[in-house]
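*Asks:* Have a look at this prediction, sequence included:
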Amino acid sequence: MADRPAYRRAIAHDQVNYLNPSNEEIALAHEYRRKPSATLSQAQLVIRSMPHSTDIELSDRAILACAFLTGARVSALRTLKLKHVLADGTGILQDANEVEVKFAKSQVTRFFPVGEDIRRAFSEYVEPLQSKLDWKPNDPLFPSTEQRAGEEGVFRVVGLSRCHWNTPDPIRTRFRRAFEAAGVQYLPPHRARNSITTLGLQTCESIEAMKAWSQNSGHESVLTTLRSYEEVSPERQAEIPSEMARPKPEQDNVTALAKLMLDNPKIAELFARISSPEDKGRE
């Protein structure tokens, strides 16, 4: 408007620039605020503590298990179908044509290594869907509950329906109920992604591994994973330099040779040949 003839006398560029935030204000706006997330042991405790004697309880437990196995967002959890579980049981397909995924980007998500307890909690729910409940491929993976009016006219939950939840709120409710029952501070479903990123920082031993971990989280860039979902805690930040300063134990020759032989069978074969009695003279 300051460049248009009708407003030049009333509005100057300097006045417009006055509305821009200062560099200090911009820095404060972009400052990373650490978000608490559940540790792997806390996630395992919460899921192990959940009841699982009925179909509804199995479903509730599997929702949390799937969140920590895949890092799927709550909108994706709500819209997944049974057919989106990979045939070999090692992950899920987040098909953007049917599943609400961020930026409508389809991806195959393999289960993260978060423990056999969590993986079993998912499989013990999925397998009976087909064998016991005769669930079809297009039925929801995590359906809403079916309610019917009882004799007193009060609606009661009687089982699982064949419909998706209309909103993500029931999933958040199940997270809150499970965390509180286990005596762990409640964290919303999305924080499972933070937990997974923390695990990746602790277990990935190469840049290639961290890149694969990031891609499995649905990110094209490792920086997105690190910048948006995790920051090294102040406590860990203080520990790492001290650990790096400690002298590493030297490998003795026998240990180094054993490792070399395990990594290269041809060297092991050659070592066996030159160590045999008939080859002593040619050693």
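*Replies:* Alright, I've got the coordinates.
*Asks:* With A12 as the reference, measure out to the residue lying closest to A29 once chain neighbours are set aside.
*Replies:* Spatial nearest neighbour of A29, excluding adjacent residues (CB to CB, 6 or more residues apart in numbering): P21 at 7.3 Å. Heads up, the C-betas are built off the backbone N, CA and C, glycines and all. Distance, P21 to A12, by CB to CB, to the nearest Å: 19 Å.
*Asks:* How about L199?
*Replies:* L199 sits 55 Å away from A12, going by CB to CB.
*Asks:* just checking, the residue nearest to A29 touches L28?
*Replies:* No. Counting by CB atoms under 8 Å, P21 does not reach L28; the two are 9.0 Å apart.
*Asks:* thinking again about what came up before, check the residue nearest to A29 and give its pLDDT.
*Replies:* You'll see P21 listed with a pLDDT of 84.
*Asks:* separation between the residue sitting nearest the centre point of the chain and V114?
*Replies:* In the chain, the residue lying closest to the centroid (CA atoms, centre = their mean) is G71, at 2.9 Å. Distance of G71 to V114, computed by CB to CB: 10 Å.
*Asks:* Pretty sure Q147 sits in a strand.
*Replies:* Yes. Under DSSP: H, G, I helix; E, B strand; the rest coil, Q147 falls within a strand.
*Asks:* can you tell me which residues contact it?
*Replies:* By CB atoms under 8 Å, 6 or more residues apart in numbering, the contact list for Q147 reads F155, R156, V157, V158.
*Asks:* of these, closest to S59?
*Replies:* V157 (11.5 Å; CB to CB).
*Asks:* need the contact list for the closest one.
*Replies:* I56, T145, E146, Q147.
*Asks:* I'd like to know which of the residues you listed are buried.
*Replies:* The neighbour-count criterion (16 or more other CB atoms under 10 Å) marks I56, T145 among the contacts of V157 as buried.
*Asks:* Now do the same for the residue nearest to A29: helix, strand or coil?
*Replies:* Assigned by three-state DSSP, the conformation of P21 is coil.
*Asks:* what's the burial count for the nearest residue to D55 once chain neighbours are set aside?
*Replies:* Leaving out its chain neighbours, the residue that sits closest to D55 by CB to CB, 6+ apart is L160, at 5.5 Å. L160 has 21 neighbours, counted by other CB atoms under 10 Å.
*Asks:* go on, the one 3 residues further on?
*Replies:* Here the neighbour count serves as a burial measure; for C163 (other CB under 10 Å) it reads 12.
*Asks:* In contact with it, which residues?
*Replies:* Here C163 is in contact with P140, P143, S144 (CB under 8 Å, 6+ apart).
*Asks:* Pretty sure the second one sits against P170.
*Replies:* No. Because the distance of 10.4 Å does not satisfy CB under 8 Å, P143 is recorded as not touching P170.
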